[in-house]
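Enquirer: mind looking at a prediction? Sequence and model below.
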Amino acid sequence: MRTKFINHLLTAIIITATCTSSVVMAKKKSAKNNPTTPLTAGGQILASKYTQQLQILKADLTASLPRVDKRRISAYTDALAAEATAKSNSEAAQKKIDAIGKAKGAVGHAKGKWIGGADKGIAKAKVALQKAKSKAERDAAEKQLTNWEKNRADGVAALKERQAVLDKAMAGQKNAQKIMADAKKTLANAKIETLKSVSNLGLSTLLTSDKLDAKLAKYTVMSNATSAGLAAFAQQGAEQEKMLNTVLSSEKLLTQISIADGAKNGNYGRAIQIYYDISNASSKNKTQADKDTLQRLALAISLEHATPIKQRNAVAKKDAPATVDPVKRYLHYEKALLNGELDPAFKYMSVWDYRMVVDGQEPDEILTWGREMLRNYRPDHISTPDYRWRYVASVRSDVPYGSQDNKYDEDQLQFFQNILKNGGICGRRAFFGRFSLRAFGIPTTARPQRGHAALAHWTPAGWVINLGGGWGAGWTKTLYKQDTDFLATTQARSAGKQFLQVKRAQWIGNVMDETPVYGLGSKRAPEFWYGISLYIQKNVIKSVDAKTLAAVGQDIAEANETKEKVLVTKVTMTAKDREISVNNNGVITIPAVASTKPTKSSGKIIFMDSYLGGKQLHYSRTSKHQVFEYTFSAKSAGKYQLTANVVTPSWKQSLLLTVNSAEQQTKIELPFTIGMWEKTQPITIELKRGKNQLTFTREGSAKGITIKDFTLTPIK
């Protein structure tokens with residue numbers, strides 16, 4: 001059996017199946033993704049031409065591949081088998097250890113919840129029996145007592161059985177722990193031997209050279225697109241055929257496309273059309289650095305939107321587009337980039353990274369709203385040096401956990417605006433976090449796990465998970481199904497040119513008609529070249545000493561108050577920031593940060609830099625009964641109209657104002673500004689000549705607000 005497998009590998013490495021079979025296989029791989037477009041007579045001629053090109057490419061590439069010593073392949077297959085056995089033994093040993101923990105849990109449940117619960121029920125029934133004043137009450141109490149006594153007896157019997165299981169498991173605990181330790185050691189050694197056997201195959205020269213990149217990338221693109229798919233696009237007209245031929249002759253572009261994992265669902269025709277439409281629409285007045293960035297962005301949008309993305313519009317917007325316009329999506333990010341609205345790291349990212357920025361369902365105007373809202377409301381979430389929470393911290397600070405208010409979603413508001421307004425459980429919170437990251441140009445993807453939604457996103461130190469279990473607890477909706485496989489590709493891609501060894505092995509696998517497998521955690525075992533690519537990937541990750549970041553926000557995945565230390569961005573306050581001014585008409589302007597209590601950020605009331613200039617004050621969500629007050633002088637006694645310049649992300653909010661320690665408080669209703677700056681409706685208060693004091697607080701479970709300043713206008 002092993003000899004047969006080795007012969008198959010040798011055949012795959014040297015030269016193999018007919019060229020026609022590869023084209024047929026490629027068609028099968030993409031048939032389920034590419035919509036069938038009938039080919040005209042001219043289209044059939046084009047399809048034959050592309051098939052012939054694929055055949056020539058395959059013959060050329062297979063002839064260029066090296067011969068590998070049969071003994072080295074045998075050593076590699078032996079190492080794979082040994083690693084598989086070691087992994088199986090390790091998993092079996094882990095099950096025995098887990099069984100001990102499960103048995104302990106069962107005993108604890110019988111003692112505590114079952115018997116303990118029955119004891120409480122018995123005690124309660126006995127009290128009820130003593131207090132019974134009628135036969136009916138006594139009968140009911142006696143029935144409850146009988147039921148609880150039976151329940152306790154059942155618990156005692158269950159405890160006896162469970163204790164026996166635990167005793168048996170504990171008797172073998174030391175042996176199980178030794179077996180587990182030995183199995184782990186054996187598996188670790190087996191993995192080392194597998195990596196050695198990969199190195200000994202002698203493929204380093206082939207996979208570190210870019211000599212075949214252009215041909216491999218072209219073959220990968222054409223086979224994934226299929227001859228029929230390419231012909232269906234080219235038959236539309238001379239312009240489309242010219243576009244396609246230009247792309248197929250561009251070595252750099254084909255390589256970029258293949259490194260970025262190709263067009264969504266193999267829809268290369270639409271991707272090419274989008275790419276050219278973007279080129280025609282894009283601004284021509286750009287620096288070379290911006291041109292390079294925007295070319296990668298344009299390609300990312302073209303590949304990701306090759307399959308149209310459904311647009312999530314406000315319910316009330318019946319005439320809104322059904323799908324995201326990829327050209328407008330590009331122009332949106334181009335403008336945001338050139339205006340300096342995106343994260344500073346955005347301009348340096350790869351095509352693959354950008355794909356996870358531009359794939360959102362939100363309309364472009366909502367992306368604009370997301371940036372403006374956060375600049376107004378929580379600019380500290382933009383400036384925080386903690387990239388794990390940059391942009392996404394609003395999920396922790398301002399999207400309350402719970403679905404009870406979802407019924408108040410408004411049809412005129414878009415989905416993400418409603419989430420900020422009414423909160424939500426894990427899904428809505430993760431959706432909002434990803435939206436906020438995309439708005440500022442940070443790659444992010446869904447990272448669901450069983451029974452829970454979470455997200456993962458890019459940071460300069462690597463990808464991190466928010467609101468869910470650590471790596472290994474879930475999966476992604478990308479080509480890299482298991483989250484650990486997704487993590488591995490992000491870590492390997494961070495190595496730059498070294499990562500190309502991984503892709504080259506995969507491209508060769510495409511030439512050999514292998515079914516793509518993008519991770520060692522996949523349910524399907526990879527064939528030769530894809531297997532080689534994944535073991536090379538492990539070496540690449542090791543060479544860059546990639547760190548795996550721990551998940552953050554696990555404690556608020558289904559809660560509101562975090563136990564993690566929240567970093568409060570420090571700001572430098574100047575006298576000008578706190579200066580209370582009076583104009584010629586006697587209008588008093590009090591900066592919100594000019595408070596006499598508190599005089600610095602408290603964690604609940606936070607002073608922060610403002611995009612309007614100067615500083616602003618933020619009153620945090622759920623900060624009950626926090627007080628902030630202002631002491632100032634008025635030149636004239638009398639009545640004044642008080643207004644505040646505020647930002648509110650949610651509705652039904654107010655402030656309570658006490659003037660000069662008066663017994664009565666005045667309620668100031670705050671407008672629902674949807675994250676924009678807006679003035680409150682004026683209220684009338686009375687000031688003394690000279691020193692005055694305004695004391696503000698809130699009532700109930702408050703939501704967050706941000707205040708720039710207060711204005712007091714004399715009523716004459």
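Expert: Cool, got the structure. Residues are numbered from 1 along each chain as shown.
Enquirer: buried ones in the strand or helix carrying Ala183?
Expert: Following DSSP states H and E, one finds Ala183 within helix 173-199. If you call a residue buried by 16 or more other Cβ atoms under 10 Å, then helix 173-199 has these buried ones: 176, 179-180, 183, 186-187, 190-191, 193-195, 197-198. In this view, the C-beta of every residue, glycine as well, is placed from N, C-alpha and C.
Enquirer: export these to JSON lines and append columns for pLDDT.
Expert: Below are these laid out as JSON lines (pLDDT from 0 to 100):
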{"residue": "Ala176", "pLDDT": "85"}
{"residue": "Ile179", "pLDDT": "88"}
{"residue": "Met180", "pLDDT": "88"}
{"residue": "Ala183", "pLDDT": "88"}
{"residue": "Thr186", "pLDDT": "91"}
{"residue": "Leu187", "pLDDT": "89"}
{"residue": "Ala190", "pLDDT": "88"}
{"residue": "Lys191", "pLDDT": "88"}
{"residue": "Glu193", "pLDDT": "90"}
{"residue": "Thr194", "pLDDT": "89"}
{"residue": "Leu195", "pLDDT": "88"}
{"residue": "Ser197", "pLDDT": "90"}
{"residue": "Val198", "pLDDT": "89"}
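Enquirer: could I get those residues as TSV with distance to Ile508?
Expert: Shown next, in TSV, are the buried residues of helix 173-199 (distance: Cβ to Cβ, whole Å):
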residue	distance to Ile508
Ala176	44
Ile179	40
Met180	38
Ala183	34
Thr186	32
Leu187	28
Ala190	25
Lys191	23
Glu193	24
Thr194	19
Leu195	19
Ser197	18
Val198	14
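Enquirer: which one of the residues you listed is nearest Glu564?
Expert: Nearest to Glu564 among the buried residues of helix 173-199, counting by Cβ to Cβ, is Met180 at 31.9 Å.
Enquirer: against Ala82, how distant is that closest one?
Expert: Per Cβ to Cβ, to the nearest Å, Met180 is found 18 Å from Ala82.
Enquirer: that older thread, quick check: what element follows the helix holding Ala183 along the chain?
Expert: Sequence-wise, the next helix or strand downstream of helix 173-199 (DSSP H and E) is helix 204-208.
Enquirer: and that next one, what does it pack against?
Expert: helix 500-511 (3 or more Cβ pairs under 8 Å, 6 or more residues apart in numbering; DSSP states H and E).
Enquirer: the helix it packs on to helix 173-199, inter-axis angle?
Expert: 80 degrees (axes from the mean of the first three to the mean of the last three Cα atoms, to 10 degrees).
Enquirer: any idea how far helix 500-511 is from the chain center?
Expert: 27 Å (Cα atoms, centre = their mean, to the nearest Å).
Enquirer: next SSE after that helix?
Expert: That would be, after helix 500-511 and using DSSP H and E, helix 528-543.
Enquirer: pull out the buried residues from that following helix.
Expert: So for helix 528-543, counting by 16+ other Cβ under 10 Å, buried means 528-541.
Enquirer: list the contacts for Gly474?
Expert: By Cβ atoms under 8 Å, 6 or more residues apart in numbering, the contact set of Gly474 is 447-450, 454, 468, 483.
Enquirer: gap between the two ends of stretch 229-241?
Expert: 12 Å (Cα to Cα, to the nearest Å).
Enquirer: give me the distance from stretch 183-203 to the chain's centre.
Expert: 33 Å.
Enquirer: let's have the contacts of Gly474 in a markdown table, adding distance to Glu241.
Expert: Shown next, in a markdown table, are these (distance: Cβ to Cβ, whole Å):
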| residue | distance to Glu241 |
| --- | --- |
| Arg447 | 41 |
| Pro448 | 42 |
| Gln449 | 47 |
| Arg450 | 49 |
| Ala454 | 45 |
| Gly468 | 47 |
| Asp483 | 42 |
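Enquirer: buried ones among the residues you listed?
Expert: The buried subset of the contacts of Gly474 - by 16+ other Cβ under 10 Å - is 447-449, 454, 468, 483.
Enquirer: what comes into contact with stretch 480-494?
Expert: By Cβ under 8 Å, 6+ apart, the list of residues contacting stretch 480-494 reads 350, 352, 445, 447, 456, 458, 462-463, 465, 471-476, 478, 498-499, 502, 518-522, 537-538, 540-541, 544, 546, 548.
Enquirer: keeping just the C-alphas, turn that stretch into CSV.
Expert: Output in CSV follows, covering the C-alpha atoms of stretch 480-494 (Å, rounded to 0.1, in the frame of the first residue of the first chain):
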residue,chain,number,x,y,z
TYR,A,480,-9.1,28.6,6.2
LYS,A,481,-12.0,27.0,8.0
GLN,A,482,-10.4,26.2,11.4
ASP,A,483,-9.5,29.4,13.3
THR,A,484,-6.0,27.9,14.0
ASP,A,485,-5.4,27.4,10.3
PHE,A,486,-6.5,31.0,9.6
LEU,A,487,-4.1,32.2,12.3
ALA,A,488,-1.3,30.1,10.8
THR,A,489,-1.7,31.8,7.4
THR,A,490,-1.7,35.3,9.0
GLN,A,491,1.5,34.5,10.9
ALA,A,492,3.2,33.0,7.8
ARG,A,493,2.1,35.9,5.6
SER,A,494,3.7,38.3,8.1
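Enquirer: so for that stretch, what's the average pLDDT?
Expert: The pLDDT scores in stretch 480-494 average 96.
Enquirer: name the residues linked to Ile705 by a beta bridge.
Expert: Tyr619 (DSSP bridges).
Enquirer: give me the neighbour count for the closest residue to Pro682 other than its chain neighbours.
Expert: Excluding its sequence neighbours, the residue lying closest to Pro682 (Cβ to Cβ, 6 or more residues apart in numbering) is Gln641, at 3.9 Å. Look at Gln641: counted by other Cβ atoms under 10 Å, it has 15 neighbours.
Enquirer: is it true that Gln641 touches Glu686?
Expert: No. Look at Gln641 against Glu686 with Cβ atoms under 8 Å: they stay out of range, at 11.2 Å.
Enquirer: other SSEs contacting the strand or helix carrying Arg396?
Expert: In this assignment (DSSP H and E), Arg396 forms part of helix 393-398. In terms of contacts (3+ Cβ pairs under 8 Å, 6+ apart), helix 393-398 is packed against helix 380-383, helix 426-439.
Enquirer: among those, which is nearest Thr658?
Expert: helix 380-383 (28.2 Å).
Enquirer: who touches that closest one?
Expert: Taking Cβ under 8 Å, 6+ apart as the rule, helix 380-383 contacts 374-375, 389-394, 397, 440, 568-569, 606, 608-609, 618.
Enquirer: tell me the gap between it and the middle of its chain.
Expert: 18 Å.
Enquirer: could you give me the average pLDDT of the helix holding Arg396?
Expert: On average, helix 393-398 scores 91.
Enquirer: list the buried residues for that helix?
Expert: In helix 393-398, counting by 16+ other Cβ under 10 Å, buried: 393-398.
Enquirer: could you chop the protein up by domain?
Expert: With domains defined by automatic domain parsing, the chain comprises 71-199, 260-361, 581-714.
Enquirer: closest one to Tyr408 among those?
Expert: domain 581-714 (7.9 Å).
Enquirer: start to end distance for the closest one?
Expert: Counting by Cα to Cα, you get 14 Å between the two ends of domain 581-714.
Enquirer: rewinding a little: out of the buried ones among the contacts of Gly474, which is nearest to Val582?
Expert: Ala454 (51.8 Å).
Enquirer: measure the closest one to Ala546 for me?
Expert: 21 Å.
Enquirer: and for Val566, nearest residue in space, chain neighbours not counted?
Expert: Using Cβ to Cβ, 6+ apart, the closest residue to Val566 is Gly603 (7.2 Å).
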